[in-house]
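In: Sequence and computational prediction follow.
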Amino acid sequence: MQRFSPEVAARLGEFAPHLLGRVDAMADRVLEVLLRTEPAYRELTAADAAELGRSARAGLARGVHSLTGASSARPGMLRARARDVGARRARCGVPLEVVLRAYRLGGQVLWETLLSVARDRAAGHDTWLLEVAGSVWRTNDAECAAVADGYRDEQRRLAAADGAARQRVLDGLLDGRGGDPAFVRDASELLGVPLAGPLLAAVAPPDRNGEPTLPQPGPALARRGVRSVWGSRSGAQVGVILTGARPRAEVLDWLAALATGPVGVSDVVEGASAAAGAYRLAETAARTLPSGDCRVVTIDDRLPEALLTNSPEISSRLVDRSLGQVLELPPDEREVLLDTLAAFLAADGSPTRAADGLYCHRNTVMHRLRRIEALTGHEVTDPRARLMWQLALLGQAARRPARHPV
C-alpha cells in the first residue's frame, strides 16, 4: 500500500481493530462466492477445505495490516507471498483466470468491509476514502500481477520437468537411486515435490490397444491436494504418489475413479529410498490381473497370485498338474467345470452351498465334481488336492479373459 497522509493514516489506524475483527467473516464470504461459482475451487475444498480457508484468511489479514499500516512486511515480501499462492494453485491445476478472479474478489470484499466499518463509525463517505480506494485497487492489481508471475513460473518449471527430464528422475527412483541424498535433492528441486515422507507406487498397464488406462492421474490427484510423479516403464504408466497424511484407501478410491483397466499399488513406504521396492510390488500386483479387468488392487490383496506370477514356470506346472485333462475339454465344458470347482472351494467344500451360488441342483454339482475327480486324478475330500486346486485356479485366472457385466 502507498503511504497516506497523516490524517488518513490515523483514520485507518482507528479502523484497524474493527477490520481485523471481520477477517473471518470476509474469508467466509469470499469462500462462499468461490465455491458457488468456481468448480475448480470446489474440487480444492473437497481435497483440503482447511488449506483454502487458511489461505483466504491469511491473505485478507495481510491486506488489512498493509492497508492500516500495521504490517512490518515490505512490499517485496507481500508480492512474494502472492507469487507463492500463484505457484500453489498452478500445481493444483486451478486455471489462472480463476485464481485472479479469487484475488480480485478478495480486494472487493476488503473494500466493501472498509466502507461498512466507515459507516458504522459515522465516518460516512468522506473524501479521504477516495484516496484509500485508489491505493486498495492499485495494490490488488500489483498482487494479481505477482500471482500471475508465480503461476506462470511454476507452469514453466513443471513443463521443464516433464518429458525426458521427468522420466530420468522417475527411472532413477525406480532403479534404486532414492538412497543417494544428492540425487534426491536434485530430483526434489526439479520436480517441485519433496521426495520424503510416506509414498506409494502405482503401475497401470496399457489396454489391449496400447492406450493408457489412467487418464491424467497427476493433475487429478493434484486437484485433491496430493502430489505425484508419473512416467512410463515397459509400456505401463508408473507413478510415485506422495500420500502425506492421506489414508491409502482414499488415494486408491481416487485412482479407481480414474482407472479404465488394471492398476497395481504398493503398500505405503517411507521416503525415496523405498520407492524402487514399492514399484516392484506395485508392478507385481498389476501383473496378477487380466488385461481387461478394471480394478485397483494392492499387493497385499494379491499375495497368493503374486507368488504364482513371480514363478511362471512353477505356476504353469501347478496349473497343468492340478487341473489335468479339464483344461483339454471344449471351452464351454471346461468353463463350467472350472466355475463349479471354484464355487465348491469358495463354499468350504459344501456341494449344497456351491449349488446355491451356481443356481443349480446339488446333484448337478456332485456329478460335475465326480467328473473333475476322474479328469484330474485327485479326490475332492483330499485337503492337499483342494489346496493345489485353489492355487491352480488362481494361476489359471491369468490365462482366462476378464469377464464384464452385461
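Out: Okay, I see it. Numbering: from 1, shown residues only.
In: Thr298: neighbour count?
Out: Neighbourhood size, Thr298 [other C-beta atoms under 10 Å]: 21. Just so you know, the C-beta spots here come from the backbone N, C-alpha and C atoms, and that holds for glycine as well.
In: I'd assumed Ala285 was in contact with it.
Out: Yes: with contact defined as C-beta atoms under 8 Å, Thr298 counts as touching Ala285 (6.2 Å).
In: the strands in the protein, which residues?
Out: 198-204, 227-233, 236-242, 263-265, 269-270, 296-298 (DSSP state E).
In: winner for burial among those strands?
Out: Comparing the strands of the chain by mean neighbour count (mean count of other C-beta atoms under 10 Å), strand 263-265 ranks first with a mean of 29.
In: partners of that one in the sheet?
Out: strand 198-204 (antiparallel), strand 296-298 (parallel) (DSSP bridges).
In: Other residues contacting the last one?
Out: This points to strand 296-298. For strand 296-298, the external contacting residues (C-beta atoms under 8 Å, 6 or more residues apart in numbering) are 248, 252, 255-256, 259, 262-267, 285-286, 288-289.
In: what do you get for the longest one?
Out: By C-beta under 8 Å, 6+ apart, the list of residues contacting strand 198-204 from outside reads 174, 212-214, 217, 233, 236-244, 248, 251, 255, 259, 261-272, 274-275, 278-279, 281-283, 285-286.
In: for stretch 269-282, same thing?
Out: Residues contacting stretch 269-282 (C-beta under 8 Å, 6+ apart): 173-176, 178-179, 184, 187, 195-203, 238, 240, 264-267, 299.
In: Isn't Asn226 up against Gly244?
Out: In this structure residue 226 is Val, not Asn. Yes: using C-beta under 8 Å, Val226 is in contact with Gly244, at 7.1 Å.
In: Show me which of the two is the more surrounded one.
Out: Using other C-beta under 10 Å as the criterion, Val226 and Gly244 rank with Val226 on top: 21 against 14.
In: The more buried one and Leu199, how far apart?
Out: 10 Å (C-beta to C-beta, to the nearest Å).
In: what touches both of these two?
Out: What both Val226 and Leu199 touch, as defined by C-beta under 8 Å, 6+ apart, is the set 241-243.
In: what's the closest of these to His18?
Out: Using C-beta to C-beta, Leu242 comes nearest to His18 of the shared contacts of Val226 and Leu199, at 42.2 Å.
In: In contact with the nearest residue to that closest one once chain neighbours are set aside, which residues are there?
Out: Nearest non-adjacent residue to Leu242, counting by C-beta to C-beta, 6 or more residues apart in numbering: Arg227, 4.6 Å away. By C-beta under 8 Å, 6+ apart, the residues touching Arg227 are 91, 193, 221, 241-242.
In: weakest of the strands of the chain by average pLDDT?
Out: For the strands of the chain, mean pLDDT drops lowest on strand 227-233, to a mean of 89.
In: tell me how far it is from the chain's mean position?
Out: 12 Å (C-alpha atoms, centre = their mean, to the nearest Å).
In: ok, now stretch 26-40?
Out: Distance, centroid of stretch 26-40 to centroid of chain: 23 Å (C-alpha atoms, centre = their mean).
In: Show me what counts as buried in it.
Out: For stretch 26-40, the buried set under the neighbour-count rule, 16 or more other C-beta atoms under 10 Å, comprises 26-27, 29-31, 33-35, 38, 40.
In: Sort out for me which of the residues you listed are in helices.
Out: Using DSSP state H, 26-27, 29-31, 33-35, 40 are the members of the buried residues of stretch 26-40 that sit in helices.
In: Need those in CSV (columns: distance to Thr113 and pLDDT).
Out: Formatted as CSV, these follow (distance: C-beta to C-beta, whole Å; pLDDT from 0 to 100):
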residue, distance to Thr113, pLDDT
Met26, 6, 92
Ala27, 11, 90
Arg29, 9, 92
Val30, 11, 91
Leu31, 15, 91
Val33, 14, 91
Leu34, 17, 89
Leu35, 19, 89
Ala40, 25, 84
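In: Just put the residues you listed in a markdown table and tack on distance to Ala142.
Out: A markdown table is the format used below for those (distance: C-beta to C-beta, whole Å):
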| residue | distance to Ala142 |
| --- | --- |
| Met26 | 20 |
| Ala27 | 21 |
| Arg29 | 23 |
| Val30 | 19 |
| Leu31 | 23 |
| Val33 | 22 |
| Leu34 | 21 |
| Leu35 | 27 |
| Ala40 | 24 |
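In: of those residues, closest to Phe4?
Out: Once C-beta to C-beta is applied, the member of those that ends up nearest Phe4 is Met26, at 21.2 Å.
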